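# predicted structure and sequence below. I'll ask about it afterward.
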Amino acid sequence: MTDEASPLQPEASVEELAFEGALRPETLAEFVGQPRVRGQLELLLKAAALQQRAPDHILLAGPPGLGKTTLAMIIGNESGRAVRMASGPAIQHAGDLAAVLSALVPGEVLFVDEIHRMAKSAEEMLYLAMEDFRIDIMVGKGAGAASVPLELSPFTLVAATTRSGMLPAPLRDRFGFTAHLEFYSAEDLTRVVTRSAGMLDIQLTSAAAAELAKRSRGTPRIANRLLRRVRDWKLVHEGSSDIEAVHGALELYDVDAYGLDRLDRSVLEAIAKSFKGGPVGLTTLAASVGEEAETIESVVEPYLVREGLLARTPRGRMLTSEGLRHTGIDGSPDQLDGV
Ligand SMILES: Nc1ncnc2c1ncn2[C@@H]1O[C@H](COP(=O)(O)OP(=O)(O)OP(=O)(O)O)[C@@H](O)[C@H]1O
Ligand SMILES: [Mg+2]
């Protein structure tokens with residue numbers, strides 16, 4: 001057994017990371033889809049290059065698996081700068097951040113993944129670092145404590161978050177540019193699948209690639225992962241057609257015709273059955289499907305909302321009529337009472 005994640009989870013496991021590394025586009029031109037973000041980044045990087053300065057700080061926001069880490073690497077590549085990696089959860093104290101910042105070489109890109117999970121004290125240190133390339137370090141304790149200023153090398157902060165709403169406004173405001181990554185269209189995901197199939201030497205008809213793309217939850221990571229399961233299916237079921245392989249693999253991994261996975265469906269069903277279509281609060285909903293509220297909010301809901309199956313209202317989460325239809329439960333209030 002490997003610790004490979006289920007193809008249904010948008011987050012990556014350890015084995016997945018190695019595989020993703022191989023398929024990761026290295027230039028903006030190779031990066032499929034997201035035309036707005038690509039255009040915006042291109043302009044920003046070109047202008048910085050013309051003025052021979054470090055590019056502005058960039059925040060990459062969006063659900064898991066849409067290409068935030070990929071873009072951070074591309075930003076380094078395209079601007080010819082080395083990328084240092086750090087991650088929010090590993091920055092537990094301001095001192096952790098001070099160590100990272102003071103080790104930067106002039107012009108480097110500092111990539112901070114999951115920045116919303118960084119310690120508060122570090123956040124405040126980061127404000128000053130981003131603005132003035134300077135930090136204040138506390139030396140000593142108690143009455144004798146003093147703050148010593150430390151000059152930093154100019155750097156570009158590239159930060160990623162699946163929960164931009166959790167970032168305090170002063171931090172969000174200090175980024176020169178925020179890229180909001182959107183779920184990919186079926187056409188763009190088809191290009192992702194075709195590109196990956198080519199790189200992995202998997203033969204796939206264009207109809208099969210399109211079907212796989214349509215059912216990949218608008219997410220390149222999921223498309224790539226399901227592609228590997230389709231490859232497995234073709235290996236094991238010799239002689240099956242590509243489209244049979246796609247249907248077979250997706251059914252086996254519980255991906256429905258919409259591309260919804262089991263957790264997506266259990267959220268929809270819980271709202272329909274236990275909460276009569278809503279509204280229901282996030283924590284109550286999360287408890288009823290046995291998941292963390294954060295997972296529901298940052299992984300499950302964005303896609304259901306974008307597909308028009310779920311609505312977030314001030315009173316809580318509600319099914320849309322389309323969402324209700326998807327659960328296959330009859331929508332009249334009497335019937336909802338009975339389930
Ligand atoms: N635009 C794209 N074109 C082609 N492949 C892509 C694109 N975006 C993402 N991918 C593929 O999807 C994988 C996952 O992307 P990435 O790791 O950048 O997601 P992420 O947004 O950082 O996710 P997380 O929030 O979980 O860290 C990449 O390894 C790459 O293979
Ligand atoms: Mg990432």
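Alright, I've got the coordinates. Numbers count the residues shown, from 1 in each chain. Ligands and ions are numbered 1, 2, ... in the order given.
# figure out the helix or strand that Leu101 lives in.
If you go by DSSP states H and E, Leu101 is part of helix 94-102.
# also Leu110?
strand 109-113.
# and if you look at Ala209?
Short version: Ala209 belongs to helix 206-214, going by DSSP H and E.
# check whether that helix comes into contact with ligand 1.
No - Helix 206-214 is not in contact with ligand 1 by Cβ under 6 Å from any ligand atom; minimum separation 11.7 Å. Every C-beta, even on glycine, is put in place using the N, C-alpha and C of the backbone.
# give me the pLDDT for whichever residue of the stretch 201-339 of the chain sits closest to ligand 1.
Going by Cβ to the nearest ligand atom, ligand 1 is nearest to Pro220 of the stretch 201-339 of the chain, at 3.4 Å. With respect to pLDDT, Pro220 has a value of 97.
# wait, does the following helix or strand past the helix holding Ala209 contact ligand 2?
Using DSSP H and E, the helix or strand that directly follows helix 206-214 along the chain is helix 220-236. No - figure legend: helix 220-236 not in contact with ligand 2 (Cβ under 5 Å from the ion); closest approach 9.0 Å.
# quick one, strands of the stretch 1-150 of the chain?
Under the criterion DSSP state E, counting those that start in this stretch, the stretch 1-150 of the chain contains strands at 58-61, 83-87, 109-113, 134-139, 146-151.
# can you tell me which of those is nearest to ligand 1?
Closest of these to ligand 1 is strand 109-113, at 6.2 Å (criterion: Cβ to the nearest ligand atom).
# state the mean pLDDT of that closest one.
For strand 109-113, the mean per-residue pLDDT is 98.
# contact residues of the stretch 151-300 of the chain facing ligand 1?
By Cβ under 6 Å from any ligand atom, the residues of the stretch 151-300 of the chain that approach ligand 1 are Ala160, Thr162, Val192, Pro220, Arg221, Asn224.
# so what's the residue count around the third one?
By that I understand Val192. Using other Cβ atoms under 10 Å, the number of residues around Val192 comes to 26.
# and it, which of the three is it?
In three-state terms, and counting by DSSP: H, G, I helix; E, B strand; the rest coil, Val192 is helix.
# picking that back up, now the helix holding Ala209 against helix 220-236, angle please.
Orientation note: helix 206-214 sits at an angle of 130 degrees relative to helix 220-236 (axes from the mean of the first three to the mean of the last three Cα atoms, to 10 degrees).
# could you say what helices and strands helix 206-214 packs with?
Counting contacts by 3 or more Cβ pairs under 8 Å, 6 or more residues apart in numbering; DSSP states H and E, helix 206-214 packs against helix 186-200, helix 220-236, helix 242-252.
# send me that helix as PDB with only the CA atoms.
In PDB, the C-alpha atoms belonging to helix 206-214 read as follows (Å, rounded to 0.1, in the frame of the first residue of the first chain):
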ATOM      1  CA  SER A 206     -10.000  13.200 -27.500                       C
ATOM      2  CA  ALA A 207     -13.500  12.200 -26.500                       C
ATOM      3  CA  ALA A 208     -12.200  10.300 -23.500                       C
ATOM      4  CA  ALA A 209     -10.000  13.200 -22.500                       C
ATOM      5  CA  ALA A 210     -13.000  15.500 -22.700                       C
ATOM      6  CA  GLU A 211     -15.100  13.200 -20.600                       C
ATOM      7  CA  LEU A 212     -12.400  12.800 -18.000                       C
ATOM      8  CA  ALA A 213     -12.000  16.600 -17.900                       C
ATOM      9  CA  LYS A 214     -15.700  17.200 -17.500                       C
END
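# mind listing what's buried in it?
Within helix 206-214, the residues scored as buried using 16 or more other Cβ atoms under 10 Å are Ala208, Ala209, Ala210, Glu211, Leu212, Ala213, Lys214.
# for stretch 30-49, same thing?
Phe31, Val32, Gly33, Gln34, Val37, Arg38, Gln40, Leu41, Leu44, Leu45, Ala48.
# what's the answer for stretch 195-208, then?
Buried residues in stretch 195-208, counted by 16+ other Cβ under 10 Å: Arg195, Ser196, Ala197, Ile202, Leu204, Ala208.
# what about it, start to end distance?
Stretch 195-208 has its terminal residues 14 Å apart, counting by Cα to Cα, to the nearest Å.
# what does that stretch rub up against?
For stretch 195-208, contacts defined as Cβ atoms under 8 Å, 6 or more residues apart in numbering pick out 22-23, 32, 190, 193-194, 209, 212, 223-224, 227-228, 230-231, 234, 241-243, 245-246.
# one step back: nearest to Glu151, of the buried residues of helix 206-214?
Nearest to Glu151, judged by Cβ to Cβ, of the buried residues of helix 206-214 is Ala213 at 49.2 Å.
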